[in-house]
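[1] Coordinates only, no sequence provided:
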Ligand SMILES: [Fe+2]
């Protein structure tokens, strides 16, 4: 049977992708950003997932203002890296696990989470940067990916509680898939940042650290955090962090934190990263 | 909380008192629709080329308000946001101009790129004094 063994929380700052694509990872500015992912790359090589279930958001790339699904599940055979306005990232095409994605869609929708099904979708830095920081620069991604795209651009995103509960439904779906698969779930985005208007540049490290701590010590309480707290305390774009609750909900109630990395800044953003393993 | 109380609470915009911030909600999305659709069109290279060749002519395809149109031509980034633009859309226009996210953020805050970058390297803008509009009174 398929099983989720671990969860990864990780920021998906576009500038991190640019730094990798243009060979600037050794610059003084970026060195500490990438140093924190060295252990993660070792860890994921050891864990060797067959599939990454990747929770991310599109940044007005694949989805224009015409259509804004709250939860969209990628069911396509492959997902091309998108041109976000400066040319597509030079990274491998992302290959889906269509059978698993279809199974998850059926299971989760009957579990009363009304997903949008995407049979064609380009993917932006929200999806490809987490793959890059975790896997480096291979010719092909070493595993299949099932993307879940969450609206966090137009307010309101789904609540933290809704995301957490959806994570539990995804867990049930994956647990009931007959193929023997090791699945790791990624929750991406954040941490504190504000990209717009006069308060741009806001960072709240204390708030971020508390968020990272509570993923282990108080995940249910954390999932109840109201949206206005994210906006006020972690910046208008910090609300991307609701996506981490999907990841956390899909894990066991009790998890072990095996790695953490926090660094300010990458461009406008606090970079946060955590690896949580199920105990069983 | 009763369901009626919950609906009433959901309808209030508790986030309107955050200083220096536009929360891109459904009302703003409605107001900025054509502006944002113009911006996202610049995602594609052929559209960027057409826009560069004739900005006013290209903008004619998008029925935005005169104010919105002028804000685009003026590259008045904060005005675009005020008129319903969203940063992930306006950043496509910035990218077309060769302006990256950090440079764009500097412009919106009225800082030089150097000062903004230095602020970020020093840990970013503190949340202290920046949570409530009342804390900004007399400072803007
Ligand atoms: Fe993002």
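    That came in fine, so what should we check first? Here the structure is a predicted model, which means the values were calculated and not measured.

[2] in chain A, which strand has the most residues?
    Ranked by residue count, the top strand of chain A under DSSP state E comes out as strand A:255-266.

[3] what's the next secondary structure element after that strand?
    Once strand A:255-266 ends, the next helix or strand along the chain (criterion: DSSP states H and E) is strand A:269-278.

[4] Does the ion have contacts with that following strand?
    No: shown here: strand A:269-278 not in contact with the ion (CB under 5 Å from the ion), separated by at least 8.7 Å. Backbone N, C-alpha and C define where each C-beta goes, glycine included.

[5] name the helices or strands packed onto that strand?
    Packed against strand A:269-278 by the contact rule (3 or more CB pairs under 8 Å, 6 or more residues apart in numbering or on different chains; DSSP states H and E) you find strand A:3-10, helix A:38-47, helix A:205-217, strand A:255-266.

[6] Same list, the ones you listed, but as TSV with mean neighbour count please.
    Putting the helices and strands packed on strand A:269-278 into TSV (neighbours: other CB atoms under 10 Å in any protein chain shown) gives the following:
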stretch	mean neighbour count
strand A:3-10	23
helix A:38-47	14
helix A:205-217	17
strand A:255-266	18
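
[7] How much space separates the residue sitting nearest the centre point of chain A from residue B:17?
    With distances taken as CA atoms, centre = their mean, residue A:188 lies nearest the centre of chain A, 2.3 Å away. From residue A:188 across to residue B:17, the span is 29 Å (CB to CB, to the nearest Å).

[8] My read is that residue A:57 contacts residue A:163, right?
    No: look at residue A:57 against residue A:163 with CB atoms under 8 Å: they stay out of range, at 11.6 Å.

[9] Overlap in contacts, the two.
    A:150, A:243 (CB atoms under 8 Å, 6 or more residues apart in numbering or on different chains).

[10] In contact with the closest residue to residue B:121 other than its chain neighbours, which residues are there?
    In space, and not counting its chain neighbours, residue B:121 is closest to residue A:265: 6.6 Å by CB to CB, 6 or more residues apart in numbering or on different chains. Residue A:265 makes contacts with A:203, A:271, B:120-121, B:123-124, as judged by CB under 8 Å, 6+ apart.

[11] Which residues are in contact with residue 90?
    Unless you meant another one, I'm taking chain A. residue A:21.

[12] wrong one, I was asking about chain B
    By CB under 8 Å, 6+ apart, the contact list for residue B:90 reads B:39, B:77, B:80-81, B:104.

[13] Now, of those, which are buried?
    Listed as buried from the contacts of residue B:90 are B:39, B:77, B:80-81, B:104; burial here means 16 or more other CB atoms under 10 Å in any protein chain shown.

[14] Determine which two of those residues are furthest apart.
    Farthest-apart pair in the buried ones among the contacts of residue B:90 is B:39 and B:104; separation 12.3 Å (CB to CB).

[15] Helix or strand: which one has the residue in chain B that the ion sits nearest to?
    Residue nearest to the ion within chain B: residue B:88 (8.4 Å; CB to the ion). For residue B:88, the host element (DSSP H and E) is helix B:87-96.

[16] what sits up against the helix or strand containing residue A:32?
    Using DSSP H and E, residue A:32 sits within helix A:31-35. Outside of helix A:31-35, the residues within contact range by CB under 8 Å, 6+ apart are A:16, A:19, A:25, A:133, A:263, A:266, A:271.

[17] can you do 10 Å?
    Helix A:31-35 has contacts (CB atoms under 10 Å, 6 or more residues apart in numbering or on different chains) with A:11, A:13, A:15-16, A:19-20, A:24-27, A:41, A:133, A:136, A:261, A:263-267, A:271, A:273.

[18] Distance check, the closest residue to residue A:240 other than its chain neighbours against the ion.
    Closest residue in space to residue A:240, ignoring its immediate chain neighbours: residue A:189 at 3.0 Å, by CB to CB, 6+ apart. Going from residue A:189 to the ion by CB to the ion, to the nearest Å gives 5 Å.

[19] Next, count neighbours for residue 27.
    Going with chain A. 11 (other CB atoms under 10 Å in any protein chain shown).

[20] Please refer instead to chain B.
    For residue B:27, using other CB under 10 Å, the count is 12.

[21] and what of residue A:245?
    29.

[22] tell me the angle the one helix or strand it maps to makes with strand A:3-10.
    Per DSSP H and E: residue A:245 is located in helix A:242-249. For helix A:242-249 against strand A:3-10, the angle by axes from the mean of the first three to the mean of the last three CA atoms, to 10 degrees is 150 degrees.

[23] Now do helix A:242-249: distance to the chain's middle.
    In this view, helix A:242-249 has its centroid 8 Å away from the chain centroid, taken as CA atoms, centre = their mean, to the nearest Å.

[24] Run through the neighbouring helices and strands of it.
    strand A:3-10, strand A:51-56, strand A:144-150, helix A:160-175, strand A:182-188, helix A:205-217, helix A:219-223, strand A:269-278 (3 or more CB pairs under 10 Å, 6 or more residues apart in numbering or on different chains; DSSP states H and E).

[25] distance of the spatially closest residue to residue B:125 that is not a sequence neighbour from residue B:26?
    Closest residue to residue B:125 apart from its sequence neighbours, by CB to CB, 6+ apart: residue A:201 at 4.2 Å. Distance of residue A:201 to residue B:26, computed by CB to CB: 27 Å.

[26] Looking at those two, which one has more neighbours?
    Shown here are residue A:201 and residue B:26; by other CB under 10 Å, residue A:201 has more neighbours (27 against 11).

[27] Quick one: residues contacting residue 91.
    Here I'm looking at chain A. Shown in contact with residue A:91 (CB under 10 Å, 6+ apart): A:17, A:20-21, A:81, A:123, A:125, A:127-129, A:131-132, A:135, A:137-138, A:141.

[28] Not quite, go with chain B.
    Residue B:91 neighbours (CB under 10 Å, 6+ apart): A:14, A:59-60, A:84-85, A:195-196, B:39, B:42, B:77, B:85, B:99-101, B:104-105.
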